[in-house]
Structures are given as structure tokens and as C-alpha cells.
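K.L.:
give me a model of this one.
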Amino acid sequence: MITVMARLKAKPGKENMLAEEIAKLTKVVKDEESGCIMYISHVSTENPTEFIFFEKYTDQNALDIHLETPHFKALAQKFDDLLDAPPVLEKLKELP
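P.N.:
Next comes the predicted model:
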């Protein structure tokens, strides 16, 4: 099992556009990616430019597939316009 925490920081004024893109991506991931067990997107209540994802995949292959899907790549192509910094991805190990 692979768990990922991803952080995206929107450019000022682009928060709503990024939120809309994230909502579209989240729906498609949940509907179409069988190797994705959990995909939950959040926005910080303290800083509305910060978006945080908690993701869980069956294995590394499922994560690799996610990163190569057309829907993920479509959002990634918009990162230069929407993000203030590169995405930060952190793999996590679940405690027993």
C-alpha cells in the first residue's frame, strides 16, 4: 500500500480556478482508477491558497498509473498558470 500527501499552492487570485480543476480531477480519479483506494482533496481553512491531498494506492504501480493518466496530465499542464510553487509530494508509511 502506498500513501501520498500532496500539497499545491495556488497563485493569488487563482484559488477558485485551481479548486474547480481539483474537483474535476478528484471525481475522475474516484470513478476510474481502481488502484486508488482513497483520494481526498482539501483546502486549508487558514490559507485558502493551500490545497492538500491524501491519497492511497494499492501499490507503486497504481500510483505510477495515476501520474500517467490523461486527467492527471491535463491538470499538470495547467500548473504553470495556477501554482505559485511546484507541487510537494510526500510518501507516508502507515503505522500499525
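K.L.:
contacts, neighbours, all on C-alpha from now
P.N.:
OK.
K.L.:
so the residue lying closest to Ala10 once chain neighbours are set aside versus His42, what's the distance?
P.N.:
Counting by C-alpha to C-alpha, 6 or more residues apart in numbering, Leu83 is the residue found nearest to Ala10 once chain neighbours are left out, at 4.4 Å. To His42, Leu83 is 16 Å away according to C-alpha to C-alpha, to the nearest Å.
K.L.:
higher neighbour count, those two?
P.N.:
More crowded of Leu83 and His42, by other C-alpha atoms under 10 Å: Leu83, with 20 against 15.
K.L.:
touching, that one and Arg7? I think so.
P.N.:
No - using C-alpha atoms under 8 Å, Leu83 is not in contact with Arg7, being 10.5 Å away.
K.L.:
mutual contacts of those two, please.
P.N.:
Residues touching both Leu83 and Arg7 by C-alpha atoms under 8 Å, 6 or more residues apart in numbering: none at all.
K.L.:
ok so, going back, quick check, pLDDT for the residue nearest to Ala10.
P.N.:
pLDDT recorded at Leu83 is 98.
K.L.:
which neighbouring elements make contact with the top helix by length along the chain?
P.N.:
For the chain, the helix that runs over the most residues, judged by DSSP state H, is helix 15-32. Other elements packing on helix 15-32 under the criterion 3 or more C-alpha pairs under 8 Å, 6 or more residues apart in numbering; DSSP states H and E are strand 36-43, helix 70-76, helix 79-82.
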